[in-house]
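In: Return atomic coordinates for the entry below.
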Amino acid sequence: MNWKKLAAAVAILVVIAAAFWSYLVVTYESELGTSNVVQVDLTDSVSNSGTDNQLVSLDFSSGAEDLSWSSLEISLLIDEQTYGCSFGSQSNSELGGSKVAPRLGADGQTFTTEVDATDSESYTFFDAAQQMESNESDFWMKFSSTDIYLDSDVTWAFVGGAEFSDVQTMPDEMSNQTEDRLEWYEYDMSVHRVNPNDGVYVFAKDEMSFKVKFLTYYNEADESRYPTMQIASVGNSSFPALENPDLVVPSPCKIVTDDQDTDFWNANETIHLIENGENLCDGVCIIELELKYETIDVETELSTFEIGQ
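Out: All right, here's what the predicted structure looks like:
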């Protein structure tokens with residue numbers, strides 16, 4: 001046997017395998033987001049000194065799917081100022097400097113919250129009810145790298161395979177096992193990615209309860225150790241964060257639709273973005289439209305447009 005030829009063949013196979021693995025990693029595509037394409041209609045757009053003008057109408061091109069309002073974020077950039085659009089409230093854009101970054105979705109009830117868990121030597125403590133960074137004496141969850149632990153007073157359940165909008169009531173059985181870390185993800189060795197479990201968690205404490213769907217372990221720059229989740233109250237629970245004026249403020253841009261379905265932006269539904277008691281555009285305005293679904297940008301046929309010509 002020619003050992004040199006065998007060694008060369010093995011080396012070539014190793015190189016090919018490494019190249020294939022690198023290709024899988026580089027070309028990895030998240031399952032989050034949507035393939036929907038948003039169409040922009042400026043037919044009834046108005047720009048003057050009023051405070052209730054319609055700025056733009058939006059719908060989907062053919063072949064679209066229904067999108068959950070709880071997973072949608074819509075904003076307009078006008079004169080270097082970003083305005084959130086929702087059915088009532090938006091996150092306060094002036095907040096910053098914390099390891100917990102909540103963003104209120106278009107439904108005005110659901111937060112998409114990113115936690116900085118980059119410190120592997122200490123925990124980031126999270127108060128789910130207040131949507132804020134907390135401390136060791138008062139928290140719901142604590143994060144460090146991939147590790148998530150629950151406070152000893154939290155009870156919890158996992159509804160496997162459920163969509164976020166499906167979970168409306170408390171599960172019949174709740175666990176009080178909090179000593180072990182939460183097994184909230186699976187590790188895909190083929191692409192070396194952390195993928196959250198498919199389903200929805202329910203956490204309860206202090207007569208409050210919340211549903212949580214982990215979306216990703218990565219931030220917008222695809223950096224790891226930034227677990228991101230959707231979170232909303234479940235059942236008749238209160239949600240103190242929604243009443244905090246430092247965290248949530250009235251949205252200057254409201255979403256108006258004739259559709260009675262408040263859970264989904266349906267595939268054939270047209271929505272209108274209208275000023276909500278605040279003059280956003282007077283005269284000629286250049287507007288940049290940004291939509292995100294499950295933290296991923298949604299394609300728009302026209303992302304920058306001009307009204308008031």
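In: Flag the shaky bits of the stretch 101-250 of the chain, pLDDT-wise.
Out: Within the stretch 101-250 of the chain, the set of residues satisfying pLDDT under 70 is empty.
In: Quickly list the domain ranges of the protein.
Out: Listed domain ranges for the chain are 37-88+251-307, 90-243 (source: automatic domain parsing).
In: Which residue ranges of the stretch 201-309 of the chain form strands?
Out: Secondary structure of the stretch 201-309 of the chain (DSSP state E, counting those that start in this stretch): strands at 208-218, 224-233, 248-250, 253-256, 264-265, 271-275, 285-293, 296-297, 299-300, 304-307.
In: counting contacts, what elements does the longest one pack onto?
Out: Right, strand 208-218. Contacts defined by 3 or more C-beta pairs under 8 Å, 6 or more residues apart in numbering; DSSP states H and E place strand 208-218 against strand 193-196, strand 199-205, strand 224-233. Every C-beta, even on glycine, is put in place using the N, C-alpha and C of the backbone.
In: residues in contact with that strand?
Out: 30, 32, 112, 128-129, 146, 164, 167, 170, 184-185, 193-197, 199-204, 224-235, 237-240, 294-295 (C-beta atoms under 8 Å, 6 or more residues apart in numbering).
In: Just checking: what are the partner strands of that strand?
Out: Strand 208-218 pairs in its sheet with strand 199-205 (antiparallel), strand 224-233 (antiparallel), by DSSP bridges.
In: what's the spacing between the first one and its chain's center?
Out: Think strand 199-205. 17 Å (C-alpha atoms, centre = their mean, to the nearest Å).
In: which outside residues touch that strand?
Out: Counting by C-beta under 8 Å, 6+ apart, 128-129, 140-141, 150-151, 153-164, 166-167, 170-171, 174, 182, 184, 209-214, 234 sit against strand 199-205.
In: Sort out for me which of those are in strands.
Out: 141, 150, 155-160, 209-214 (DSSP state E).
In: thinking again about what came up before, what about burial for the contacts of strand 208-218, which qualify?
Out: Neighbour counting by 16 or more other C-beta atoms under 10 Å classes 32, 112, 128-129, 146, 164, 167, 170, 184-185, 193-194, 196-197, 199-204, 224-234, 237, 239, 294-295 among those as buried.
In: circling back: right, and the strands of the stretch 201-309 of the chain - which one's nearest residue 89?
Out: Closest to residue 89 of the strands of the stretch 201-309 of the chain is strand 248-250 (C-beta to C-beta; 4.9 Å).
In: what's in contact with that closest one?
Out: 88, 89, 90, 91, 92, 104, 241, 242, 276, 277.
In: Need the buried ones from those residues selected in ChimeraX.
Out: Buried residues among the contacts of strand 248-250 (16+ other C-beta under 10 Å), as a ChimeraX selection:
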select :88,89,90,91,92,104,241,242,276
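In: and which of the contacts of strand 248-250 is nearest to residue 308?
Out: Set against residue 308, the nearest of those by C-beta to C-beta is residue 276 (18.5 Å).
In: quick one: contacts for the nearest residue to the closest one once chain neighbours are set aside?
Out: Distances taken as C-beta to C-beta, 6 or more residues apart in numbering put residue 254 closest to residue 276, at 4.1 Å, once the chain neighbours are dropped. Taking C-beta under 8 Å, 6+ apart, we find residue 254 in contact with 85, 86, 87, 88, 273, 274, 275, 276.
In: With pLDDT and distance to residue 108 added, can I get these in CSV?
Out: Formatted as CSV, those follow (pLDDT from 0 to 100; distance: C-beta to C-beta, whole Å):
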residue, pLDDT, distance to residue 108
85, 95, 10
86, 94, 5
87, 92, 5
88, 85, 4
273, 97, 14
274, 97, 15
275, 96, 17
276, 96, 12
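In: and of those residues, the nearest to residue 57?
Out: Of all the contacts of residue 254, residue 273 has the smallest distance to residue 57: 7.6 Å, by C-beta to C-beta.
In: Verify the stated contact: that closest one with residue 253.
Out: Yes - contact status for residue 273 versus residue 253: in contact at 5.5 Å, counting by C-beta atoms under 8 Å.
In: Would you mind telling me which of these two has the busier surroundings?
Out: More crowded of residue 273 and residue 253, by other C-beta atoms under 10 Å: residue 273, with 24 against 21.
In: what's the spacing between the more buried one and residue 33?
Out: 21 Å (C-beta to C-beta, to the nearest Å).
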